[in-house]
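Participant: attaching a predicted model along with its sequence, questions to come.
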Amino acid sequence: MVARMLAITHTCIYDAWSAYDGIAVGTQLRGKLRRPSAERTDANKKEALSYAAHTCLKDLFPSQTEYFDAILSGLGFDPGNNSADPASPAGIGHLAARAVIRFRHADGSNQLGDMNPGAYSDYTGYAPVNTPDQINDPNRWQPLRVPDGKGGFIVQKFIAPHWEKVVPFALVSADQFDADVAPPAMFPSQEYRKQVRQIIDYSAKLTDEHKAIAEYWADGPASETPPGHWGLFAQFVSARDSHNIDQDTKMFFALHNAIFDAGIVSWHLKRNYDYVRPITAVRFLRQGKMIRAWGGPGKGTMVIKGEDWNPYQPATFPTPPFPEYSSGHSVFSRTGAEILRMFTSNESFGGSVTVRAGSSLVEPGLAPSKDVTLSWPTFKDAADQAGLSRRYGGIHFNDGDENARVLGPQIAEQAWEKAQKLFAGKAR
């Protein structure tokens, strides 16, 4: 959902910007809004883009309208200006955004709750095979009963099982790349047992660096999420390379639409396989047996009952509320990395972050025991570490990570090709 929100926002911005370019066409109104060369100033672009973003964000987040109004005012523009005059920058912004919003309201996401009550709610009738108390099929996803942080519990629900039906940016179909990824290992195969052993081994050998990697990339509730994480990296690239408004508009448009497509592919696979998460598989296979693994906050590695195993995650969010295969982190990240590589024509990234001692949410005040600096010479290095982080955190199996990485460049290439056509004035 966040990937879609980011894609819509930057599509509204791009479509408004295209009116002030001599060649590019918008996704919805094509070249109908194009302004004469004398009007193609950065000041006009800034105004049009600001109004486009403002209109879009109010639609996506109506409860935060006052916040967006304040930002627009801070930029020197009037939130009360609802002009639809195609000869004014504000009118360009409103017209471009409204066209994108109209299209996206009917894209299958159920944003408005008109296909089933509740914004973004499922309308396909998905029902889990397993329950929080019973595993009927060890190959399938199990909704968990998890602490709500207030003394009670909630039962997980699969977030957006209908997402494969959302209209993409450049994909031919949600299942377009199915032949490029092998199916996940099934119980009672040796491959299934092997991947459970691997997860337990990761858990038993967690270092400060592993924990820092797992938590830095977690991007869970109330965060920028994985799609937003790559938007932050794009901001770094913009500052590093001293982008102008034209370059930023194109980069963020291509990046977030590619990542939006990645989400559709990943969620198609999640719905198609409805695959078991490590927490369920480990507890199922090792029930009644003793294992050596991470024992919980502050306990380090110890011998525990298999059925008591937990991922290296906060107690209120032990594993995401949707199936495992394939890894969203991995496909989002490899897609984002490939777009940034193609946009900059260079693999070099140079990003880094220092995870401060004791900053852990899983083990507050304890982990990491000293500052840990994570650095990524290339975009691919960052993407691969994002995928690996889910194994360290006990969220994904090796195959769920590695097979998803294969998809990213293919999704990115297709989105990049469509973006290039739009930049070059080709409507189709």
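Facilitator: Received the coordinates, thanks.
Participant: could I get the pLDDT score of the nearest residue to residue 240 once chain neighbours are set aside?
Facilitator: Setting aside the residues directly before and after it, residue 240 is nearest to residue 350 in space (C-beta to C-beta, 6 or more residues apart in numbering), at 7.2 Å. C-beta: built from backbone N, CA, C; applies to glycine. With respect to pLDDT, residue 350 scores 98.
Participant: what helices or strands is the longest helix along the chain leaning on?
Facilitator: With residue count as the measure and DSSP state H as the assignment, the chain has helix 245-273 as its longest helix. Judged by 3 or more C-beta pairs under 8 Å, 6 or more residues apart in numbering; DSSP states H and E, helix 245-273 is in contact with helix 2-18, helix 42-60, helix 225-240, helix 328-344, helix 398-423.
Participant: reformat those as a markdown table; add mean neighbour count and mean pLDDT.
Facilitator: Output for the helices and strands packed on helix 245-273, formatted as a markdown table (neighbours: other C-beta atoms under 10 Å; pLDDT from 0 to 100):
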| stretch | mean neighbour count | mean pLDDT |
| --- | --- | --- |
| helix 2-18 | 27 | 98 |
| helix 42-60 | 22 | 98 |
| helix 225-240 | 19 | 97 |
| helix 328-344 | 27 | 98 |
| helix 398-423 | 21 | 98 |
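Participant: so which of those helices gets nearest residue 104?
Facilitator: Within the helices and strands packed on helix 245-273, the stretch nearest residue 104 is helix 2-18; the backing value is 5.4 Å (C-beta to C-beta).
Participant: burial count for residue 99?
Facilitator: Taking other C-beta atoms under 10 Å as the criterion, the count of residues near residue 99 is 19.
Participant: helix or strand for it, just tell me which one.
Facilitator: If you go by DSSP states H and E, residue 99 is part of helix 89-104.
Participant: could you do residue 296 as well?
Facilitator: Mapping residue 296 onto the secondary structure by DSSP H and E places it in no helix or strand at all.
Participant: identify the residues contacting the nearest residue to residue 206 once chain neighbours are set aside.
Facilitator: Taking C-beta to C-beta, 6+ apart, and ignoring the residues beside it in sequence, residue 206 has residue 294 as its nearest neighbour in space, at 5.6 Å. With contacts taken as C-beta atoms under 8 Å, 6 or more residues apart in numbering, residue 294 has the following neighbours: 203, 204, 206, 300, 301, 310, 312.
Participant: filter these to the buried ones?
Facilitator: When the contacts of residue 294 are checked for burial by 16 or more other C-beta atoms under 10 Å, the buried set is 203, 204, 206, 310, 312.
Participant: in helices only, show me these.
Facilitator: With helices defined by DSSP H, the entries of those inside them are 203, 204.
Participant: in JSON lines, list the buried ones among the contacts of residue 294 along with pLDDT.
Facilitator: Conversion of those to JSON lines gives the following (pLDDT from 0 to 100):
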{"residue": "203", "pLDDT": "98"}
{"residue": "204", "pLDDT": "98"}
{"residue": "206", "pLDDT": "98"}
{"residue": "310", "pLDDT": "98"}
{"residue": "312", "pLDDT": "98"}
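Participant: can you list the buried ones among the contacts of residue 294 in CSV and add distance to residue 91?
Facilitator: Formatted as CSV, those follow (distance: C-beta to C-beta, whole Å):
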residue, distance to residue 91
203, 57
204, 62
206, 56
310, 55
312, 52
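Participant: wait, which of the buried ones among the contacts of residue 294 is closest to residue 336?
Facilitator: Relative to residue 336, and with distances defined as C-beta to C-beta, the nearest of these is residue 312, at 24.2 Å.
Participant: ok, now which ones touch that closest one?
Facilitator: Applying C-beta under 8 Å, 6+ apart, one finds that residue 312 lies in contact with 203, 206, 211, 214, 294, 362, 392, 393, 394.
Participant: out of the residues you listed, which are inside helices?
Facilitator: Where the contacts of residue 312 overlap with helices, as defined by DSSP H, the overlap consists of 203, 211, 214, 392.
Participant: state the distance from the first one to residue 163.
Facilitator: Distance, residue 203 to residue 163, using C-beta to C-beta, to the nearest Å: 30 Å.
Participant: check the last one too.
Facilitator: Going from residue 392 to residue 163 by C-beta to C-beta gives 26 Å.
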